[in-house]
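1. Could you look at this predicted model? Sequence included:
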Amino acid sequence: MTEFSIRSYTSRDAPWVLAAHARHYREVDGFDESFATLVETILRDFDAGHDPEREAGWIAVDGAGAPVACMFCVALDADTAKLRMFLVTDAARGRGLGYRLLQTCMGFARERGYKGMRLWTHESHVAACALYRRNGWSLVSCRSVRSFGQALVEQEWQIRF
């Protein structure tokens with residue numbers, strides 16, 4: 001079985017994060033290029049001005065050092081962190097890596113003094129939503145939208161520490 005390790009994100013990881021998100025969401029959810037544009041903007045903003053004391057990203061790598069997953073924690077406001085750009089590639093799914101990344105991100109947010117976290121996703125991301133629920137997150141809103149070329153149901157989740 002492949003061992004995975006989690007390391008800090010650096011700007012050198014941005015091309016992988018962008019390509020992995022664009023490929024996965026195009027192939028799995030049929031998202032159009034506007035999704036890749038959003039991810040590119042998020043990454044550019046993070047690389048240009050994140051506060052390393054309160055914001056971080058993580059990359060999970062396989063035994064050969066190849067990236068297989070990522071997650072980011074950014075400030076939403078003084079008391080609330082936002083989970084962003086959570087992705088586990090198909091090759092790494094089902095091995096507890098999403099759980100490890102989520103625990104890393106939530107632990108970081110707690111240690112930095114946030115009182116809670118929020119995230120935005122779509123109900124079609126069934127495995128991720130189940131992971132959030134199992135780890136104490138609550139669904140706070142849902143709404144039907146047309147985004148990224150698809151009819152979707154957006155969801156917002158939160159957890160209080």
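-> Nice, I can see it.
2. Next, D13: secondary structure please.
-> When classified by DSSP: H, G, I helix; E, B strand; the rest coil, D13 comes out as helix.
3. wait, doesn't it sit right on G65?
-> No. In terms of CB atoms under 8 Å, D13 does not count as a neighbour of G65; the distance is 11.7 Å. For every residue, glycine as well, the C-beta is placed using N, CA and C.
4. Looking at those two, which is more packed in?
-> D13 (20 against 8; other CB atoms under 10 Å).
5. Name the nearest residue to the more buried one, sequence neighbours excluded.
-> I59 (5.2 Å; CB to CB, 6 or more residues apart in numbering).
6. thinking again about what came up before, who touches both of D13 and G65?
-> Residues touching both D13 and G65 by CB atoms under 8 Å, 6 or more residues apart in numbering: none at all.
7. quick one, strands of this structure?
-> Assigned by DSSP state E, the strands in the chain fall at 5-8, 56-61, 67-75, 80-88, 116-122, 138-147, 150-160.
8. Centroid-nearest residue for the protein?
-> F86 (1.9 Å; CA atoms, centre = their mean).
9. That one and C70 touch, don't they?
-> Yes. Because the distance of 7.3 Å satisfies CB under 8 Å, F86 is recorded as touching C70.
10. okay, and the common contacts of these two?
-> Here F86 and C70 have L101 as joint contacts, going by CB under 8 Å, 6+ apart.
11. Relative to R110, how far out is the closest residue to A91 other than its chain neighbours?
-> In space, and not counting its chain neighbours, A91 is closest to V68: 6.3 Å by CB to CB, 6+ apart. Distance, V68 to R110, by CB to CB, to the nearest Å: 25 Å.
12. For the two, work out which one has more neighbours and name it.
-> V68 (21 against 14).
13. for the more buried one, what are its contacts?
-> V68 makes contact with F4, A60, V61, D62, V88, T89, A91, A92, L97, according to CB under 8 Å, 6+ apart.
14. circling back: looking at the residue nearest to the centre of the chain now. What's its pLDDT?
-> pLDDT, F86: 98.
15. Filter the contacts of V68 down to the buried ones.
-> Neighbour counting over the contacts of V68 (16 or more other CB atoms under 10 Å) leaves F4, A60, V61, D62, V88, T89, A92, L97 as the buried ones.
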